[in-house]
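K.L.:
when you get a sec, could you give me coordinates for this:
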Amino acid sequence: MQKENQKLSGQTSIITGSSSGIGKAMAIALAKEGSNVVINYHSSKEEAEEVAQKISEEKGAGEAIVVKGDMSKEDDVLNLFKTTIDKFETLDVCIPNAGMQKDAAFHEMTLDDWNAVINLNLTGQFLCCREAIKEFMRRGMRPEVSKSLGKIINMSSVHDIIPWAGHANYAASKGGIQLLMKTLCQEYAHKKVRVNSIAPGAIKTDINKDNWDTKEGREKMKETIPYDRIGETEDIARVATWLASDESEYINGTTIYVDGGMTCYPGFKGNG
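P.N.:
A predicted model of the protein is given here:
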């Protein structure tokens, strides 16, 4: 039986890009629910180790390890999964969260900037999902820890359905995640693999700090948010923890938009 407030006891989770921002919040939240957590970082080792240290100080939290890797590189992804399995024997939850933006007007966008974003945001998720499903199938069901064979939570964005001028590479990568997730559900749900996505709206992270760090910037951001509040990383982490648990066991092939209503197109509130 799962302990109270330990929805993920006995499980192991990989969260890529988890040294800061949304990834950090998810790593801490899943660990508090009892999951062992693998913290992946690309360049910020010190930040990743600070996340692991914070987890170690949480009473009842799972164990945390830190693994460096560029999730757009197949060898780094393979090493991440090998290190995880060597340490914890298996994997139960995979959250491919690592992502980036390289913004430009479309007619000025370079092929390098297009490829960099697609390679990390979309190909990186493909690589992580592939390795996670391989491990789920190799290991088999563990009914003592979960009703599902394994859980994948793809990190998307409201821009998987909202076009975003000046960000064609980013929007295309997130749109791709939408159908990658649904296709994996269609293909593996019968094996009891659950694949869903979280699509954040405007969340306070370092990537958009220039916008929310001033009163004027915050007010401008809130014009697109009917709920009139900029999201916090913990808003995403709570949803991720729930999706990783058996409480959401019958949810598969779905994107949950955590956006304060941004996908309701508030610009049309006054009849367009």
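K.L.:
which residues touch the nearest residue to S173 once chain neighbours are set aside?
P.N.:
Using C-beta to C-beta, 6 or more residues apart in numbering and skipping the chain neighbours, the partner closest in space to S173 is N121 (3.6 Å). C-betas here are computed from N, CA, C, even on glycine. When contacts are counted by C-beta atoms under 8 Å, 6 or more residues apart in numbering, N121 touches G99, M100, Y170, S173, K174, I177.
K.L.:
go ahead and confirm the fourth one touches I118.
P.N.:
I take that to be S173. Yes: applying C-beta atoms under 8 Å, one finds S173 in contact with I118, separated by 5.4 Å.
K.L.:
more crowded one of those two?
P.N.:
S173 (27 against 17; other C-beta atoms under 10 Å).
K.L.:
in a helix, the more buried one, correct?
P.N.:
Yes: under DSSP: H, G, I helix; E, B strand; the rest coil, S173 falls within a helix.
K.L.:
list the residues that contact it.
P.N.:
Counted by C-beta under 8 Å, 6+ apart, S173 has contacts G99, V117, I118, N121, L122.
K.L.:
now flag whichever of the residues you listed is closest to N208.
P.N.:
G99 (12.8 Å; C-beta to C-beta).
K.L.:
if we can go back for a sec, which two from the contacts of S173 end up farthest apart in space?
P.N.:
For those, the maximum inter-member distance is 10.9 Å, found between G99 and I118 (C-beta to C-beta).
K.L.:
in the sheet, who's paired with Y41?
P.N.:
Bridge pairing for Y41 (DSSP bridges) gives the partners K68.
K.L.:
burial count for it?
P.N.:
24.
K.L.:
if I pick it, what's in contact with it?
P.N.:
G17, S18, S19, E47, A48, V66, V67, K68, G69.
K.L.:
how near is the second one to M155?
P.N.:
Here S18 is placed at a distance of 11 Å from M155 (C-beta to C-beta, to the nearest Å).
K.L.:
could you list the low-pLDDT ranges of the chain?
P.N.:
1-5, 271-272 (pLDDT under 70).
K.L.:
what's the single longest strand in this structure?
P.N.:
Secondary structure assigned by DSSP state E gives strand 193-200 as the longest strand of the chain.
K.L.:
that one packs against which elements?
P.N.:
helix 124-139, strand 150-155, helix 168-188, helix 233-244, strand 255-258 (3 or more C-beta pairs under 8 Å, 6 or more residues apart in numbering; DSSP states H and E).
K.L.:
can you say which of those is nearest to G34?
P.N.:
Of these, nearest to G34 by C-beta to C-beta is helix 233-244, at 10.5 Å.
K.L.:
so what does that closest one touch, helix or strand wise?
P.N.:
helix 21-32, strand 93-95, strand 150-155, strand 193-200, strand 255-258.
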